[in-house]
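Trainee: Here is a sequence together with a model predicted from it:
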Amino acid sequence: MKKIAPVLAVALLTLPMAASAEGFSVALSAFNLNPKSDNGSLAAGALDVSINSETNLTLAGEYHFTDNWSVEVQYGLGFDHEVSLNGAKSLEITHRPLTVAGKYTFNGDTFRPYVGLGFNQTTFGDEKEFGPIAGTNTSLDNSTGLAALAGLQFDLTERFALRAEARFLDMDTDVSVNGDGVGTANVDPFLFGVSGVLRF
């Protein structure tokens, strides 16, 4: 998956040029990803998990079946997080969410609100251990869950638009230390971002 996702991201950019571009759009976004406040516990409740927020770019390709209905594929270019256990920095991780969602955009002259629902697959990697788990081999399993979004699009011209958007991802990952499962971290983040959109 780590190799497939970047290839897919590049494909999203080139897809509109590959065949009939009409109905396609691409969006480059900056999102702040905020894990929920209670991220669970590990080792039978002995270690409270806390994950910090992070801001990075996402890339999306969207196909519009009609003026109202569309399907979007969005790829996160890598969100880096610090994970604390009982308040002590213990792990650095990177995760890359890939989301596929159906969207409905309401009619409007310039401002057009929209909502969407779909699924996300999140790949975790680049784990680095510190403090209480330094010297161990920690891994986080990939996550699959629901995704929901809502936003407002501001049409600048027929081809260019700006968006403000909020998303929720159902994101849980099983954690292993030296090959032994120690519990599940509940990330379940909200994302808030702005996008530049190019329509073909």
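Mentor: Received the coordinates, thanks.
Trainee: which stretches of the protein have low pLDDT?
Mentor: Under the criterion pLDDT under 70, the flagged ranges of the chain are 1-21.
Trainee: can you rerun that using 80?
Mentor: 1-22, 37-41, 43-47, 132 (pLDDT under 80).
Trainee: For this structure, which segments count as helices?
Mentor: 4-18 (DSSP state H).
Trainee: can you pull up the bridge partners for the residue nearest to the spatial centre of it?
Mentor: In the chain, the centroid-proximal residue (Cα atoms, centre = their mean) is residue 97; its distance is 3.8 Å. Under the criterion DSSP bridges, residue 97 forms beta bridges with residue 122.
Trainee: ok, so what distance separates it from residue 65?
Mentor: Shown here: residue 97 relative to residue 65, a distance of 24 Å by Cβ to Cβ, to the nearest Å. Placement of C-beta: from N, CA and C, glycine included.
Trainee: cool, and residue 163?
Mentor: Taken as Cβ to Cβ, the span from residue 163 to residue 65 is 19 Å.
Trainee: Between those two, which is the more surrounded one?
Mentor: Between residue 163 and residue 65, counting by other Cβ atoms under 10 Å, residue 163 is the more crowded of the two (18 against 10).
Trainee: measure that one to residue 37 for me?
Mentor: 27 Å.
Trainee: what number of residues lie near residue 185?
Mentor: Neighbour tally, residue 185, other Cβ under 10 Å: 26.
Trainee: That one contacts residue 141, doesn't it?
Mentor: No: using Cβ atoms under 8 Å, residue 185 is not in contact with residue 141; the gap is 9.9 Å.
Trainee: any shared contact partners between these two?
Mentor: Overlap of the contact sets of residue 185 and residue 141 (by Cβ atoms under 8 Å, 6 or more residues apart in numbering) consists of 173, 175.
Trainee: which residues touch the residue nearest to the centre of the chain?
Mentor: By Cβ under 8 Å, 6+ apart, residue 97 lies in contact with 74-76, 79, 120-122, 169, 171.
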